[in-house]
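Enquirer: Provide a 3D model corresponding to the input given below.
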Amino acid sequence: MTHAFDITTQPWQRFSFERRGRVLYAYITSSHRMNGVDEPMHEEFARVFTDLQRDADSDIIVLSARGRAFCAGGDFDWFEQQIDDPARFRAIGWDAKRIVGSLLELEKPILCRLNGAAAGLGATLALLCDIIVADETALIGDPHVKVGLVAGDGGALIWPQLIGYARAKELLMTGDMLTAARAAELGLINYAVPADQLDAKIDELVAKLQGNPRFAVRWTKAVTNIPLRALAAQIMDASIGWETASNHLADRREAVKAAREKRAPRLTGE
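Expert: So this is what the prediction gives:
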């Protein structure tokens, strides 16, 4: 006899979970003060969405985070390890594709409760969710270029689909951050609300989803994601490849060093 899968019984280093009826809250949970992505977190991102699909006692997922940020992109210690040993960066390519693919393949509705800053991969995770509700003061952006990397782990996929190519390319190539209020104006996210209204807005949306037949909602989401899944299949190999190549560049090392030293980078174009 097989037992129903329960995600909360699995070993997790960078996630914690809370059930509220058949709504499952998945929290990015790290000792890093800004929930920076390190190797264990990246590995868990690559399997958490598959496990959320398999979880027997949930119909709706809310993705959020513990602490002051949602997920502020790559951890700088991990960056330096990848620069010193490029094989470590190359080794995460399959997981990087799996993160995007598994999130887009998740049939259950997933709402992002954006409680704080989301940058780089953190922003990609938020934007690939079905409905994004943010604290209006939270910042969101994809500053891969500012640390010498191609925005290859999903940013180049999802940003143009949400706000068009002209705005997306400007923001991806500059690495500028937006307030959540501005992101809502642009149509990048659904709602930006005062922090004390964040949970109420999530509850309101969850109630609307729960008021409709479960599989009608679930499969509507699934078919709506088909073009995004097809686009991911087209571009993720190349985008991860270019990002891996950019990790080898001299300007990548200098950009990370300058960021750690809180100074302007001395770029050579190499």
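
Enquirer: residues touching the longest helix seen in the chain, excluding its own?
Expert: Ordering each helix of the chain by length in residues (DSSP state H) puts helix 226-246 first. Counting by CB atoms under 8 Å, 6 or more residues apart in numbering, helix 226-246 makes contact with 86, 89-90, 93, 96-97, 100-101, 104-105, 128, 144, 148-154, 156-158, 161, 252, all of which sit outside it. In short, each C-beta sits where N, CA and C put it, glycine included.

Enquirer: mind giving me the PyMOL select for the residues you listed, buried ones only?
Expert: Burial among those is assessed by 16 or more other CB atoms under 10 Å; the matching PyMOL selection reads:
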select buried, resi 89+90+93+96+97+100+101+104+128+144+148+149+150+151+152+153+154+156+157+158+252
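
Enquirer: can I assume Cys112 sits in a strand?
Expert: Yes. Note on Cys112: a strand contains this position according to DSSP: H, G, I helix; E, B strand; the rest coil.

Enquirer: strands of this protein, residue ranges please.
Expert: With DSSP state E applied, the chain shows strands at 15-20, 23-28, 60-65, 110-114, 118-119, 131-135, 139-141, 177-179, 191-193, listed in chain order.

Enquirer: looking at the ones you listed, which is closest to Val217?
Expert: Shortest distance between Val217 and those, using CB to CB, is found for strand 60-65: 8.6 Å.

Enquirer: returning to that earlier point: can you pull the buried residues of the longest helix of the chain?
Expert: If you call a residue buried by 16+ other CB under 10 Å, then helix 226-246 has these buried ones: 228, 232, 236, 239-240, 243-246.

Enquirer: shouldn't Asp130 be in contact with Glu107?
Expert: No. Taking contacts as CB atoms under 8 Å, Asp130 lies outside contact range of Glu107: 10.7 Å.

Enquirer: between these two, which is the more surrounded one?
Expert: Neighbours per residue (other CB atoms under 10 Å) separate Asp130 from Glu107, with Asp130 holding more: 19 against 14.

Enquirer: contacting residues around the nearest residue to Leu125 once chain neighbours are set aside?
Expert: The shortest distance from Leu125 to any residue that is not its chain neighbour, by CB to CB, 6 or more residues apart in numbering, is 6.5 Å, and that residue is Cys71. The contact partners of Cys71, by CB under 8 Å, 6+ apart, come to 28, 34-37, 65, 118-119, 121-122, 125-126.

Enquirer: most widely separated two among those residues?
Expert: Comparing all pairs in those by CB to CB, the longest separation belongs to Gly36 and Ala126, at 15.2 Å.

Enquirer: so for these two, which sits in the more crowded spot?
Expert: Just comparing Gly36 and Ala126: by other CB under 10 Å the higher neighbour count belongs to Ala126, 28 against 23.

Enquirer: which one of the strands of the chain lies closest to Lys221?
Expert: strand 110-114 (8.5 Å).

Enquirer: now that closest one: buried residues?
Expert: Neighbour-count burial for strand 110-114 [16+ other CB under 10 Å]: 110-114.

Enquirer: distance of Cys71 relative to Leu63?
Expert: 10 Å (CB to CB, to the nearest Å).

Enquirer: equivalent analysis for Gly175, please.
Expert: Taking CB to CB, one finds Gly175 at 23 Å from Leu63.

Enquirer: can you check Phe79 too?
Expert: When distance is defined by CB to CB, Phe79 is 24 Å away from Leu63.

Enquirer: can you check Asp57 too?
Expert: For Asp57 relative to Leu63 (CB to CB), the value is 17 Å.

Enquirer: how many neighbours does the closest residue to Phe76 other than its chain neighbours have?
Expert: Sequence neighbours aside, Arg260 is the residue nearest to Phe76 in space, at 5.8 Å (criterion: CB to CB, 6+ apart). Around Arg260 sit 12 other residues, with neighbours defined as other CB under 10 Å.
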